[in-house]
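*Asks:* what follows is a predicted structure for the sequence shown.
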Amino acid sequence: TLVSKEKRRFAQDGFNLDLSYITPRVIAMGFPSEGTEGVYRNPMSEVVSFLENRHHGHYRVYNLCSERSYDPSKFRGRVEVFPFDDHN
């Protein structure tokens, strides 16, 4: 997509997301987005679908972004917030 360009993406099982498995139990990715921002970032609905389909009942989302947040209920309340300021 526009942001990840030629970087490695997760493209399996019908998913095409900008994320990386750090270990089999740790995934790193950017902030999931909604609306028009979802066109060039990981759409929230796709991220939720990915986690529910591939890691159902066995995931937790750690939001490290101090500038933005989202409704934890989108991830069935499995969200922890540890805010860090962006490097920009």
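*Replies:* Good, I have the coordinates.

*Asks:* I'd assumed Val48 was in a helix, is it?
*Replies:* Yes: looking at Val48 with DSSP: H, G, I helix; E, B strand; the rest coil, it is inside a helix.

*Asks:* show me where this protein has its helices.
*Replies:* Ranges of helices within the chain are 44-55, based on DSSP state H.

*Asks:* low pLDDT regions in it?
*Replies:* 1-7, 87-88 (pLDDT under 70).

*Asks:* again, only this time at 50
*Replies:* 1, 4 (pLDDT under 50).

*Asks:* ranges for the strands of it?
*Replies:* Along the chain, the stretches classed as strands by DSSP state E are 10-12, 15-17, 19-23, 26-29, 61-65, 79-84.

*Asks:* residues making contact with the second one?
*Replies:* By Cβ atoms under 8 Å, 6 or more residues apart in numbering, the residues outside strand 15-17 that reach it are 9-11, 29, 42, 46-47, 49-50. Glycine gets a C-beta too; all of them are placed from N, C-alpha and C.

*Asks:* kindly recompute the last result at 6 Å.
*Replies:* Residues outside strand 15-17 that contact it (Cβ atoms under 6 Å, 6 or more residues apart in numbering): 10, 42, 50.

*Asks:* in it, which residues are buried?
*Replies:* 15, 17 (16 or more other Cβ atoms under 10 Å).

*Asks:* just the fifth one next, same as before
*Replies:* Along strand 61-65, the positions that meet the burial threshold by neighbour count (16+ other Cβ under 10 Å) are 61, 63.
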